[in-house]
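Colleague: Okay, here's the prediction I keep looking at, along with the sequence it came from:
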Amino acid sequence: MIVDHGERRIHSLKLRGGDDALLLRARYRLEEAFRTATLPGLPPNAQVLIRRLDLGSIRADVSASSLAEIISDRVRSLAASSVCLDYQPHPGADVVWFSDPLQPYVVLLTRLLDGKPAIEWYWRSLFHHRQSLTLSSAAIEMLLTESAGTPLKGLAPAWLLQHALAPQRLTRLCSLITPMLAMRMLHGQGLSPVEVQWKRSDHQAQPPDSAIAIRATQPIAPPNFSLAQRRAVQYAAACWGMEDARTLWFAWNVLLMHQPGYLERKESLQRIDVARWLASWSADERDLSPRVWNDERKDQIPPGSPLSKGGMTDKKRSEVAEHEQAFLPLHEPTSSPLSQIVARGNLSERGRDSVVDRDAQQTETKHTPASEMVAPFSQHAGFAFVIPLLQRLGMSELLLRNDVLLEFDFPRRLLWTMAERFAVAEDDPVRQLFEAWEPGADSMLENVCLPELWPRMTTLFGRPLSHHPTALRDVINTTQLMAAAYLRRFCGISLRTLLQRPGRVLLTPTHWDVIFDINQTDLRLRRVALDTNPEWVPWLGKVVQFHYDSEGQRYG
């Protein structure tokens, strides 16, 4: 049986009895019971696979609700021995789980790129439509396309590529990406690599505030990618050429990982200038040559690539080795973000002053049962309520009208400013939103176009709350003012009151889950539906969900 965020699937159901009519009735009741069972003891968003679930004898008069309770009890007992597959395979386990619906695609892709077989029983259950799971162009296409069906949607392929940036994985992946595959992936997201030529006469026909649209046709400024991401883009351009659709597709996905807000701006694909990016990065860094550019790995470089012509000199090789560590990913791509957060939470309970060997800590985390995992506590768990509030105020419209805000990473900068303003502690799990990120200096802006709702919002005395911003700081302050005014008017609470709510927070690269005690339900938020799940938030690049538990502590 497979249980994930969106559906529950039973591959094989075996019923035995003396009456076909009773068996048919039992089947329908079981289907309803599996849909309504709570399946406690497992993390939120986990994709669970159960090899065998024995329900024993079922009476003919049992109801679907009673069957659901039986299923929940059996799953609760099995959860104690369940095993997380984010780190390593466990072929002998009868109950396994991935931390989120995207993780199976990530783990399988990295295993194939590492040359490891995928023969365990759970891979056959997950990808039953595939006769064999071996490294090939067809397998890569299957993983990239089907991952888009997860809650992360169009951002999912970018996440898969992010986990393939290690040098050896990158060379194997690039050798399997065909031009047709890149074109199909782009068209599948409603994108076209064909450049659109904008004419000045078209601009003159636009209304005065269309200066925003004119700016949207200009090339995207070279993003501040990590060194590993810059190296990967450079390697893709060297393998396929600057104008190849594969290079554009690859650069587009790396851009999405850097700033998910571009996912809603389809025309941004046509504004990517890889040559300009590489020239800018080369001026900033001494060397961006990938680790694979050496004589020992010539056989891994795709035939016909510019890299296949000649090797490096000893001097050049020593320079690359000197900076090699800077290009390596900061963490093992198959490492589960959920398990990392749990490891930090369990460590804090044992005492912050204790020193634990890193390898021993990872080994302990790998075998921690799901039922024993506790989400980290936060005094500002209500920070997640800001996301539906910003959606209500037109954050998507603001970013759509002002692409320059994406270049300045406005969504994260806004949240960081709010965290600083309301004194969110440095060790609070909410701070993981800004891990390894530092805000830049304030910047001047021109022709900022505000959402339609903002000019209509006024104070109690009729004074407009919004004004024409001239700097990034102005937009941030105005957004906070709008949020505070909305809460005061429709909920009767302050922005500080909204944020300062205790709860458990699970913040991973793909999900933001908050677990509140059920007694904390706030009718002031419920009346305006601010406590409903935002689910997929494109400009944040995460799935945001609220959970209410009788204890507010554990996952299940």
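Modeller: Right, received. Where do you want to start?

Colleague: pretty sure Leu453 contacts Leu393?
Modeller: Yes: the pair Leu453 / Leu393 is scored as a contact, 6.6 Å apart, by Cβ atoms under 8 Å. For the C-beta atoms, the positions are set from N, CA and C on the backbone; glycine is no exception.

Colleague: quick one, which of the two is more surrounded?
Modeller: Per other Cβ atoms under 10 Å, whichever of Leu453 and Leu393 has more neighbours is Leu393, with 19 against 15.

Colleague: quick one, what contacts the more buried one?
Modeller: Residues near Leu393 by Cβ atoms under 8 Å, 6 or more residues apart in numbering: Pro451, Leu453, Trp454, Thr479, Met482, Ala483, Tyr486.

Colleague: rerun that using 7 Å as the cut-off
Modeller: Residues in contact with Leu393 (Cβ atoms under 7 Å, 6 or more residues apart in numbering) are Leu453, Met482, Ala483, Tyr486.

Colleague: Leu152 too?
Modeller: Contacts of Leu152 by Cβ under 7 Å, 6+ apart are Leu102, Trp159, Thr510, Val543.

Colleague: Just the element for the last one, please.
Modeller: Put plainly, it is Val543. Take DSSP states H and E as the rule and Val543 turns out to sit in strand 542-549.

Colleague: Rounded mean pLDDT for that strand, please.
Modeller: For strand 542-549, mean pLDDT rounds to 90.

Colleague: Now do the top helix by length along the chain: distance to the chain's middle.
Modeller: Using DSSP state H, we find that the single longest helix of the chain is helix 472-490. Chain-centre distance of helix 472-490: 27 Å, with Cα atoms, centre = their mean, to the nearest Å.

Colleague: which SS state does Pro509 fall under?
Modeller: coil (DSSP: H, G, I helix; E, B strand; the rest coil).

Colleague: Which pLDDT value does the model give it?
Modeller: 81.

Colleague: Any chance of TSV for the contacts of Leu393, columns pLDDT?
Modeller: Putting the contacts of Leu393 into TSV (pLDDT from 0 to 100) gives the following:
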residue	pLDDT
Leu453	85
Met482	90
Ala483	93
Tyr486	91
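
Colleague: which of those residues are buried?
Modeller: In the contacts of Leu393, burial by neighbour count holds for Met482, Ala483, Tyr486, counting by 16 or more other Cβ atoms under 10 Å.

Colleague: contact partners of stretch 256-272?
Modeller: Counting by Cβ under 7 Å, 6+ apart, 154-155, 158, 162, 190-191, 193, 195-196, 216-220, 223, 225, 248, 251-252, 255, 396, 399-400, 403, 406, 409, 411, 538-541 sit against stretch 256-272.

Colleague: Give me the secondary structure label for Leu540.
Modeller: Leu540 - assigned by three-state DSSP - is coil.

Colleague: I meant to write Ala221 there.
Modeller: Ala221 - assigned by three-state DSSP - is coil.

Colleague: so which pair among the contacts of Leu152 is furthest apart in space?
Modeller: Taking every pair in these and measuring Cβ to Cβ, the maximum separation is 12.1 Å, between Trp159 and Val543.

Colleague: Out of the buried ones among the contacts of Leu393, the closest to Phe383 would be?
Modeller: For the buried ones among the contacts of Leu393, the nearest to Phe383 is Ala483 (12.1 Å; Cβ to Cβ).

Colleague: Fine, thanks again, bye for now.
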